[in-house]
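Participant: sequence below, structure please.
(chains A, B, C and D)
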There are 2 protein chains.
Amino acid sequence: MPLEIKPSQALKLWRQVHLDLVRDHDADLSARQTAILLTVYLELPPHTVRGLAKQLGVTKPVITRALDTLGKLGLLTRKRDEADRRNVVIQRTVAGALAVERLADLVTEHAKEIGGN
Amino acid sequence: MPLEIKPSQALKLWRQVHLDLVRDHDADLSARQTAILLTVYLELPPHTVRGLAKQLGVTKPVITRALDTLGKLGLLTRKRDEADRRNVVIQRTVAGALAVERLADLVTEHAKEIGGN
DNA sequence: GGATAATGATACGGGTCCGTAACGATCTGG
DNA sequence: CCAGATCGTTACGGACCCGTATCATTATCC
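Facilitator: Predicted coordinates for the structure are as follows:
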């Protein structure tokens, strides 16, 4: 059963969630950072810098910098891959999982409030 | 009829749309810019700097700068209010309407692709 | 008219991010 | 082994955004 959303509903939902994100200004993530965070938490590991760069269609330094920021926020960690020490594996954290969960709740809550058209 | 979305569906949807937004990197808006753009296009006019600042819970310079950027992108325009020349009225543009419409389509398309859990 | 208030814009010092290019570290294949 | 490829990071110059404070312009009210 596909998820049925009308364009007008989609826009209301998008606006309401973004308003909340702006107002709770402790979690001011850019679109790229959000995409990275959700990819790490939704897709199967392992996640590497190169793999993320390819998925997002951006260069590696972009990923490195985003990981710097997300790491500073405690939302994920980097670990050197001991099997191939050139690689860095991106791992989840408790704080990151909570942030993702909160985002999910934010979206579902606002979806409930949105009427029929 | 409220909109029913499960948390796991919400996250998938959020990720897919953000991935698309990152890949079409002509429209790299921050959360604040997105909130402003959607507010202008969804809520009834008139929109002022002060009003937007209050709705988003941020200071006026934040709005001014965001309007600078959004104006430079052609997504909206400013016009002096002739009735009270202290006010600036934020107005929609054709390009902005198209961008909003495209975002709506993006969300609805990805919603369709998302399965039942 | 003149003091006061309100509105949006600007100045400033600091931080973050960008894209390109280069770099050190590590693996691989002959 | 050693040249070459691969991986993630860093350097650099430039652009953008932040928050606070201040500014110029305009309206209001006595």
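Participant: use CA for all of it now, contacts and neighbours both
Facilitator: OK.
Participant: what's the neighbour count on A:V100?
Facilitator: 20 (other Cα atoms under 10 Å in any protein chain shown).
Participant: now it: which helix or strand?
Facilitator: helix A:94-113 (DSSP states H and E).
Participant: who in chain A is up against DNA strand D?
Facilitator: A:48-51, A:60-61, A:63-65, A:78, A:86-89 (Cα under 7 Å from any atom of the strand).
Participant: show me the contact partners of the helix holding A:V100.
Facilitator: With contacts defined as Cα atoms under 8 Å, 6 or more residues apart in numbering or on different chains, helix A:94-113 is touched by A:13, A:16-17, A:37-38, A:41, A:74-76, B:2-8, B:10-11.
Participant: tell me which of those residues fall in strands.
Facilitator: A:L76 (DSSP state E).
Participant: the contacts of helix A:94-113, buried ones only, as a ChimeraX selection?
Facilitator: With 16 or more other Cα atoms under 10 Å in any protein chain shown as the criterion, this ChimeraX line picks the buried residues out of the contacts of helix A:94-113:
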select /A:13,16,17,37,38,41,75,76 /B:3,4,5,6,7,8,10,11
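Participant: what mean pLDDT does stretch A:15-26 have?
Facilitator: For stretch A:15-26, mean pLDDT rounds to 87.
Participant: again, but for stretch A:87-97
Facilitator: 94.
Participant: buried stuff in it?
Facilitator: Within stretch A:87-97, judged by 16+ other Cα under 10 Å, the buried ones are A:V88, A:I90, A:Q91, A:R92, A:G96, A:A97.
Participant: then that stretch to CSV, C-alphas only?
Facilitator: What follows is stretch A:87-97 as a C-alpha-only set of coordinates in CSV (Å, rounded to 0.1, in the frame of the first residue of the first chain):
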residue,chain,number,x,y,z
ASN,A,87,39.0,3.1,5.0
VAL,A,88,37.1,4.9,7.6
VAL,A,89,33.8,3.4,8.9
ILE,A,90,31.0,5.7,10.0
GLN,A,91,29.1,4.5,13.0
ARG,A,92,25.9,5.4,14.8
THR,A,93,25.7,6.8,18.3
VAL,A,94,23.0,6.8,20.9
ALA,A,95,22.5,10.6,20.6
GLY,A,96,22.2,10.2,16.8
ALA,A,97,19.6,7.5,17.1
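Participant: that stretch and DNA strand C, any residue contact?
Facilitator: No - using Cα under 7 Å from any atom of the strand, stretch A:87-97 stays clear of DNA strand C, coming no nearer than 8.0 Å.
Participant: columns secondary structure on top of the residues of chain A next to DNA strand D, output as TSV?
Facilitator: Shown next, in TSV, are those (DSSP: H, G, I helix; E, B strand; the rest coil):
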residue	secondary structure
A:T48	coil
A:V49	helix
A:R50	helix
A:G51	helix
A:K60	helix
A:P61	helix
A:I63	helix
A:T64	helix
A:R65	helix
A:R78	strand
A:R86	coil
A:N87	coil
A:V88	strand
A:V89	strand
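Participant: a markdown table for the residues you listed, including distance to B:L21?
Facilitator: Rendered in a markdown table, the data for those read as follows (distance: Cα to Cα, whole Å):
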| residue | distance to B:L21 |
| --- | --- |
| A:T48 | 21 |
| A:V49 | 19 |
| A:R50 | 19 |
| A:G51 | 18 |
| A:K60 | 18 |
| A:P61 | 19 |
| A:I63 | 16 |
| A:T64 | 19 |
| A:R65 | 19 |
| A:R78 | 25 |
| A:R86 | 30 |
| A:N87 | 27 |
| A:V88 | 26 |
| A:V89 | 25 |
